[in-house]
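In: Here you go, sequence then predicted model.
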Amino acid sequence: MTVAPSVSALVRDAEWLAHRYDPGHDAFHFRRVARAARQSVPFLTDLHLGADDSPVVLRRTECREAVEGDTRPLHFLFHSAYCASTMLVQALDRRGSATTLSEPVLLNDMVGWRRRGAEPRVHGRVMDDALTMLGRGFAAGEAVVVKPSSIFNPLARGALMLRPQARAILLHAPLRAFLLSVARKGMWCRLWCRELLESYLADGYVQLGFEPRDYFRQSDLQVAAIGWLTQQQAFAALLDWAPDRIVSLDSETLTADPVAALGAAIDHYGLSGDRADLGGHPALGRNSKSGAPFAAGERQRDLAAAEAAYGEEIEQVATWAEAVASQAGIPLDLPQPLRVG
């Protein structure tokens with residue numbers, strides 16, 4: 001571990017990403033990640049950034065004191081997976097307008113620590129400081145937009161309560177598009193959906209009336225649908241809770257006209273900066289995961305191919321999920337959509 005020469009200088013330098021939280025020592029771990037490096041990877045994880053064997057470890061209280069009084073707008077992009085969220089958050093990162101963070105591990109640490117039994121009031125104080133550490137932009141006048149991992153969704157309302165001026169977009173794929181994405185991505189994606197459901201069950205986030213044993217009797221796509229329904233239910237509740245600062249956006253609207261959706265998102269967050277060339281942002285022209293050039297209509301063609309291969313299974317699971325949604329009062333289309341175009 002490297003000892004920071006100056007806590008104040010390091011914490012006020014946004015290149016030092018607040019990467020992890022160690023509850024045993026009440027300390028944040030920082031690693032240096034330049035803006036260009038952040039824009040070149042889909043997620044701010046060790047898998048994509050590479051391992052860092054020498055993080056700078058600073059006491060949380062010292063970090064808070066170093067930035068006291070230095071606040072800037074912080075907003076959120078919450079999502080339910082497979083909905084082009086990485087593309088949108090990367091496109092929102094524009095000098096003079098906003099710094100963005102795609103799935104910082106620090107927020108995953110907040111989830112894990114809470115699940116392990118963190119005392120709620122202490123957790124709230126640490127979460128507040130974690131958001132402060134993530135809310136350090138690169139330039140004066142820039143807001144910060146954070147896209148947490150979908151495992152963070154059970155803590156979304158708490159984060160918004162800690163930042164009453166924050167605005168949020170709830171990005172999601174329509175049910176059938178989501179199921180098609182899961183089906184075409186294969187076994188590892190189906191396993192991830194089971195892991196996500198396991199995570200949500202541990203957090204008490206699933207309120208659909210099923211018994212624990214029921215999940216063992218469900219197919220992979222049914223489990224994926226349960227995860228989608230859980231998030232859709234929670235997103236609808238968030239929209240009802242704070243309609244003045246939260247809007248919804250679906251992936252098909254986003255991908256049909258990404259430039260218009262990007263402009264609408266900028267308006268919703270109240271971001272500043274030049275908008276002359278929104279369509280020229282590199283994030284809109286590449287696959288957000290692989291970095292390969294992204295052809296117009298590629299997502300739609302992929303979904304059509306999945307429909308041809310898995311259509312019968314998708315139809316059966318979608319019909320079942322729609323019945324569950326109807327019984328639980330979950331809207332298939334979220335209210336308060338972002339005004340695009």
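Out: Received, thanks. Numbers count the residues shown, from 1 in each chain.
In: what's the nearest residue to Arg35 if we skip its chain neighbours?
Out: Distances taken as Cβ to Cβ, 6 or more residues apart in numbering place Phe138 nearest to Arg35, at 5.6 Å, with adjacent residues excluded. Quick note: C-beta positions are derived from backbone N, CA and C, even for glycine.
In: ok, that neighbour touching Thr100?
Out: No. If you go by Cβ atoms under 8 Å, Phe138 and Thr100 don't touch, sitting 10.6 Å apart.
In: and those two? which has more neighbours close in?
Out: Taking other Cβ atoms under 10 Å, Phe138 and Thr100 do not tie; Thr100 has more neighbours (25 against 17).
In: For that one, what are phi and psi?
Out: With angles defined as degrees, to the nearest 10, Thr100 sits at phi -120, psi 150.
In: Name whatever forms a beta bridge with it.
Out: Val145 (DSSP bridges).
In: Asp250 now?
Out: Beta-bridge partners recorded for Asp250 (DSSP bridges): His172.
In: So which residues make contact with the helix or strand hosting Leu17?
Out: Using DSSP states H and E, the element containing Leu17 is strand 16-22. Here strand 16-22 makes contact (Cβ atoms under 8 Å, 6 or more residues apart in numbering) with 10, 27-33, 38, 44, 52, 55-57, 60, 63, 104-106, 109-110, 113, 126, 130, 133-134, 136.
In: Direction included, what does the next helix or strand after it pair against?
Out: Following strand 16-22 in sequence order, the next helix or strand is strand 27-32 (DSSP H and E). Strand 27-32 has these partner strands in its sheet, going by DSSP bridges: strand 16-22 (antiparallel), strand 56-59 (antiparallel).
In: distance between the longest one and the chain's centre?
Out: Between the centre of strand 16-22 and the centre of its chain there are 17 Å (Cα atoms, centre = their mean, to the nearest Å).
In: Could you do the shortest one as well?
Out: Relative to the mean C-alpha coordinate of its chain, strand 56-59 is positioned 25 Å out (Cα atoms, centre = their mean).
In: buried set for that strand?
Out: Using 16 or more other Cβ atoms under 10 Å as the burial criterion, the residues of strand 56-59 that qualify are Val56, Val57, Leu58.
In: swap in the first one?
Out: Applying a neighbour-count criterion of 16+ other Cβ under 10 Å, one finds Trp16, Leu17, Ala18, His19, Arg20, Tyr21 buried in strand 16-22.
In: The longest helix anywhere in the chain - contacts with which helices or strands?
Out: Ranked by residue count and defined by DSSP state H, the top helix of the chain is helix 298-328. Of the remaining helices and strands, those touching helix 298-328 by 3 or more Cβ pairs under 8 Å, 6 or more residues apart in numbering; DSSP states H and E are helix 175-185, helix 220-241, helix 251-256.
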